[in-house]
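> Turn this into a structure:
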Amino acid sequence: MAELAWSPVAAPRPPPGLGAKLGALVLLLLLPLGCGLGPLCCFTPGPGADAHSAVLSLVSCFAGGVFLGTCLLDLLPDYLRSISAALEGLRVTQLQFPLAEFILAMGFFLVLVLEQIALAQREPPPAAEESRSLLPNGSIQTPPASPSPNPGARGAVRAALLVLALALHSVLEGLALGLQEADGAVLRVCLALLLHKCAVAFSLALKLLRARLRPRAVAACLALFAMMSPLGVGLGTAVAAGAGPRQRLCRGVLEGLASGTFLYITFLEILPQELGVPQHRVPKVILLLAGFALVTAILFIKM
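The predicted structure follows:
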């Protein structure tokens with residue numbers, strides 16, 4: 001009786017960088033959530049809030065330097081190589097239109113449009129007195145005062161729009177991490193995101209508490225905000241697993257959108273907000289350069 005030969009079947013290899021992405025996913029969920037829940041236990045409106053704001057501003061400047069270095073020295077070169085390889089795989093070699101730069105700009109404008117729409121919904125309408133002051137006295141009748149909406153309901157709506165805008169940011173940020181393949185790139189992007197998200201979570205909690213939202217509502221908003229970056233990491237990891245030319249092109253497009261998000265956060269969110277305040281200018285610049293130098297040193301050691 002002939003014996004049947006048995007040969008072991010090789011198990012499918014996990015995607016590259018999967019272990020680092022899982023660790024980053026857990027950190028991106030727990031650390032920002034912990035930083036956001038901290039003010040719920042120790043928030044006291046008064047002079048102490050100014051000290052918290054000063055420390056938070058310095059941390060944001062360091063995070064801005066890390067974001068700037070990660071975007072210019074790491075994400076952008078990887079994205080340009082990825083989109084070039086994807087187009088070559090589809091045999092598109094003589095494209096006259098600057099497609100790579102256009103995709104990058106679309107990522108920038110995507111976040112800009114979403115944030116401005118959210119801010120437009122939050123801003124109160126202009127006061128009627130400003131327009132009436134330009135007219136002669138008695139030329140216009142003062143309209144009867146309309147009943148003002150409930151301040152608590154208005155604050156809840158504005159808080160919801162703020163959390164929604166930040167959640168969309170976080171998904172795109174996590175997408176940039178999930179699309180990485182090398183462990184070193186995953187760790188560098190994770191460092192940038194952790195610094196930024198922890199500072200944003202702490203600031204978000206303070207804003208929501210100052211708006212007099214209930215602690216349970218604040219905790220729910222923080223939990224939603226903390227879950228968005230891990231969601232983006234999962235989506236990016238799923239897209240990065242594709243090996244076909246169309247999957248590589250899709251991955252390159254998403255990398256460009258994510259890189260545009262990093263550019264927007266660095267140049268229109270972190271740097272103008274922090275450097276536009278006159279206090280602590282020199283320490284802010286030093287921390288900005290320190291964050292950039294940290295990413296530069298990590299990339300140099302890697303080489």
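> Number of residues surrounding the residue nearest to I265 when sequence neighbours are not counted?
Using C-beta to C-beta, 6 or more residues apart in numbering and skipping residues adjacent in sequence, the residue nearest I265 is F67, 6.1 Å away. Where you see a C-beta, it was placed from the backbone N, CA and C, and this is true even at glycine. With neighbours defined by other C-beta atoms under 10 Å, the count for F67 comes to 30.
> what's the answer for L56, then?
So L56, with other C-beta under 10 Å, has 17 neighbours.
> And H196, how close does it get to L56?
Separation of H196 from L56 (C-beta to C-beta, to the nearest Å): 12 Å.
> thinking again about what came up before, in contact with the residue nearest to I265, which residues?
192, 196, 262, 265-266, 270, 291 (C-beta atoms under 8 Å, 6 or more residues apart in numbering).
> Likewise for L222?
32-33, 36-37, 201, 204-205.
> neighbours around I286, how many?
15.
> what does stretch 196-205 rub up against?
28, 31-33, 35-40, 43, 52, 56, 59-60, 63, 66-67, 162-163, 166, 170, 173, 218, 221-222, 225-226, 229, 265, 270.
> what's the answer for stretch 23-36, then?
Outside stretch 23-36, the residues that reach it (C-beta under 8 Å, 6+ apart) are 174, 177, 186-187, 189-190, 193-194, 197-202, 204-205, 222-223, 225-227, 229-230, 233-234.
> so of the residues you listed, which ones are in helices?
Judged by DSSP state H, these include 174, 177, 186-187, 189-190, 193-194, 197-202, 204-205, 222-223, 225-227, 229-230, 233-234 as members of helices.
> coming back round to it: quick check, distance from the helix or strand harbouring the residue nearest to I265 to the centre of its chain.
Using DSSP states H and E, the element containing F67 is helix 47-70. Averaging C-alpha positions (C-alpha atoms, centre = their mean, to the nearest Å) puts helix 47-70 15 Å from its chain's average.
> and if you look at stretch 73-93?
23 Å.
> Next: stretch 194-207.
In this view, stretch 194-207 has its centroid 11 Å away from the chain centroid, taken as C-alpha atoms, centre = their mean.
> same check, this time on stretch 198-217
Mean C-alpha position of stretch 198-217 versus that of the full chain (C-alpha atoms, centre = their mean) differs by 17 Å.
> With stretch 220-236 instead?
How far stretch 220-236 lies from its chain's middle: 11 Å, per C-alpha atoms, centre = their mean.
> for this protein, what helix or strand is lowest in average pLDDT?
Least confident helix or strand of the chain, by mean pLDDT, DSSP states H and E, is helix 128-132 with a mean of 45.
> L172: neighbouring residues, count only.
When counting by other C-beta under 10 Å, one arrives at 26 neighbours for L172.
> ok, for L73, nearest residue in space, not its chain neighbours?
Distance criterion C-beta to C-beta, 6+ apart; nearest residue to L73, sequence neighbours excluded, is L299 at 5.7 Å.
> And the one you found, how close does it get to V285?
22 Å.
> Just want to know which of these two has more residues nearby.
More neighbours surround L299 than the other of L299 and V285, with 17 against 13 (other C-beta under 10 Å).
> what's the more buried one in contact with, if anything?
Going by C-beta under 8 Å, 6+ apart, L299 touches 73-74, 188.
> Dump those to a markdown table, plus distance to L209.
Formatted as a markdown table, the contacts of L299 follow (distance: C-beta to C-beta, whole Å):
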| residue | distance to L209 |
| --- | --- |
| L73 | 37 |
| D74 | 35 |
| R188 | 33 |
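> any idea which of the residues you listed is least confident?
Lowest in pLDDT among the contacts of L299 is D74, which has 78.
> thinking D78 is in contact with A185, fair?
Yes. Using C-beta atoms under 8 Å, D78 is in contact with A185, at 6.8 Å.
> So, low pLDDT: which residues of this structure?
1-17, 42-53, 121-162, 165, 210-211, 242-243, 301-303 (pLDDT under 70).
> can you give me the helices in it?
Counting by DSSP H, the helices of the chain are 18-42, 47-70, 76-89, 99-122, 128-132, 151-178, 183-210, 215-240, 245-264, 271-275, 281-302.
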